[in-house]
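In: sequence unknown, structure follows:
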């Protein structure tokens, strides 16, 4: 836990709990750590409503945790059945968890992903293309809440052994045996990464994080600056993913070729061009043609996979790109038009524009598996 901090003093944490072995072990471990540091843990138990027994399982999990002195809150979701159920459930779960944690004043939300989840994720992403063999990050930001995964190096067998030693029962989710789901098929095929390849991936990630700390700067307006003639491919891939608002890494051969000699290009929804008046090196900005269409403006709305609306606007407004209106805001923060056009603005039904919109830059995954700060920050 300590390596993922710093936390508040005392630490008041939240944990996502499904009732399964992994998240139940996380809850017990995190509760013990928080109490030893004069803090507390709130278990957020999600009932997706996808099985008739899910409500009873959520209540049983709350009872079991409460018996261990852990405060609990059950979150009920609905309307998730149908095509793409796992992706829909995941998106709804993360949104509800972050909202509930923030409402309770908990800015650190713990997730129970473990070593086998990491291996399965790498295998799944590798199957989607040559650039996808990345793992789960140990941390990520969702609005004002920091998502932390302290168990990524822990085998699931160790978590179950811990629960057995604690005399703690858990719920078995039958969907974990359903071969309709890709992750389950990979698990049964034993297609996870081997220790050697996992170590190599961790070495690449560490190299990328160190390089980014020295040479890169992420800006809250949604762009990046990179002061280098070349970069490790993993570092460039991370910046492309963050600036482009993508969950997965871009095409690996194209990224490697560009990283070996940085030059003007467009890749993975990101433009790379000389930084100009912003400084030496390169500017990485969102490609205007790849921007998402406007979305209804309400507090917490996510636009372009990167910007979260932090305020409650008047009814009837939309959140989208500044676009051609950038010509009327040329002096804003001395930013070039290529950046201004891609920034978030609010529009009323009559076309009235509000810029800059009160948004927070919240890309779907971090640029590095652990936090880094650019030189001078």
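Out: Cool, got the structure. Every value quoted in this text rests on a predicted model; they were computed, and no experiment measured them. Residues are numbered from 1 along each chain as shown.
In: can you pull out the strands in the stretch 101-250 of the chain?
Out: Using DSSP state E, counting those that start in this stretch, the strands assigned to the stretch 101-250 of the chain run over residues 108-110, 139-142, 145-148, 216-218, 224-226.
In: Could you export those as TSV, including mean pLDDT?
Out: Below are the strands of the stretch 101-250 of the chain laid out as TSV (pLDDT from 0 to 100):
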stretch	mean pLDDT
strand 108-110	94
strand 139-142	77
strand 145-148	88
strand 216-218	92
strand 224-226	96
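In: Against residue 221, how distant is residue 34?
Out: Residue 34 sits 36 Å away from residue 221, going by Cβ to Cβ, to the nearest Å. Bear in mind the C-beta positions are built from the backbone N, C-alpha and C, glycine included.
In: Compare these two (neighbour count), which wins?
Out: Remark: of residue 34 and residue 221, residue 34 carries more neighbours, 23 against 19, as counted by other Cβ atoms under 10 Å.
In: Is that one in contact with residue 43, as I believe?
Out: No - using Cβ atoms under 8 Å, residue 34 is not in contact with residue 43, being 11.3 Å away.
In: Now do the same for stretch 78-88: mean pLDDT, whole number.
Out: For stretch 78-88, mean pLDDT is 76.
In: what comes into contact with that stretch?
Out: Here stretch 78-88 makes contact (Cβ atoms under 8 Å, 6 or more residues apart in numbering) with 48-50, 89, 92, 181.
In: Same check on stretch 9-17?
Out: With Cβ under 8 Å, 6+ apart, stretch 9-17 has contacts from 5, 7, 23-24, 26-27, 30, 34, 37-46, 61, 65, 72, 93, 97, 100-101, 104-106, 108-112.
In: In terms of helices and strands, where is residue 72?
Out: strand 71-76 (DSSP states H and E).
In: show me where the protein has helices.
Out: With DSSP state H as the criterion, the chain has helices at 21-36, 54-66, 85-103, 115-127, 156-166, 182-189, 195-215, 233-244, 252-260, 337-340.
In: What's the mean pLDDT across the last one?
Out: So that's helix 337-340. Averaging pLDDT along helix 337-340 yields 96.
In: Any idea how far apart the tips of stretch 271-285 sit?
Out: This stretch, stretch 271-285, spans 5 Å end to end (Cα to Cα, to the nearest Å).
In: per-domain residue ranges of this protein.
Out: 2-189, 216-377 (automatic domain parsing).
In: where does the chain dip in pLDDT?
Out: 1-6, 8, 122-135, 173-202, 366-377 (pLDDT under 70).
In: biggest strand in it by residues?
Out: strand 40-47 (DSSP state E).
In: Sheet-wise, list the partners of it with their directions.
Out: strand 12-17 (parallel), strand 71-76 (parallel) (DSSP bridges).
In: ok, and which of these has the densest surroundings?
Out: Sort the strands paired with strand 40-47 by mean neighbour count, taking mean count of other Cβ atoms under 10 Å, and strand 12-17 sits at the top with a mean of 26.
In: by how many degrees do that one and helix 21-36 diverge?
Out: Orientation check (axes from the mean of the first three to the mean of the last three Cα atoms, to 10 degrees): strand 12-17 against helix 21-36 gives 170 degrees.
In: re earlier: which of the contacts of stretch 9-17 are buried?
Out: 7, 23-24, 26-27, 30, 34, 37, 39-46, 61, 65, 72, 93, 97, 100-101, 106, 108-112 (16 or more other Cβ atoms under 10 Å).
In: May I see the helices of the chain organised as JSON lines, with distance to residue 146 added?
Out: Output for the helices of the chain, formatted as JSON lines (distance: least, Cβ to Cβ, whole Å):
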{"stretch": "helix 21-36", "distance to residue 146": "14"}
{"stretch": "helix 54-66", "distance to residue 146": "22"}
{"stretch": "helix 85-103", "distance to residue 146": "10"}
{"stretch": "helix 115-127", "distance to residue 146": "19"}
{"stretch": "helix 156-166", "distance to residue 146": "22"}
{"stretch": "helix 182-189", "distance to residue 146": "25"}
{"stretch": "helix 195-215", "distance to residue 146": "17"}
{"stretch": "helix 233-244", "distance to residue 146": "16"}
{"stretch": "helix 252-260", "distance to residue 146": "27"}
{"stretch": "helix 337-340", "distance to residue 146": "26"}
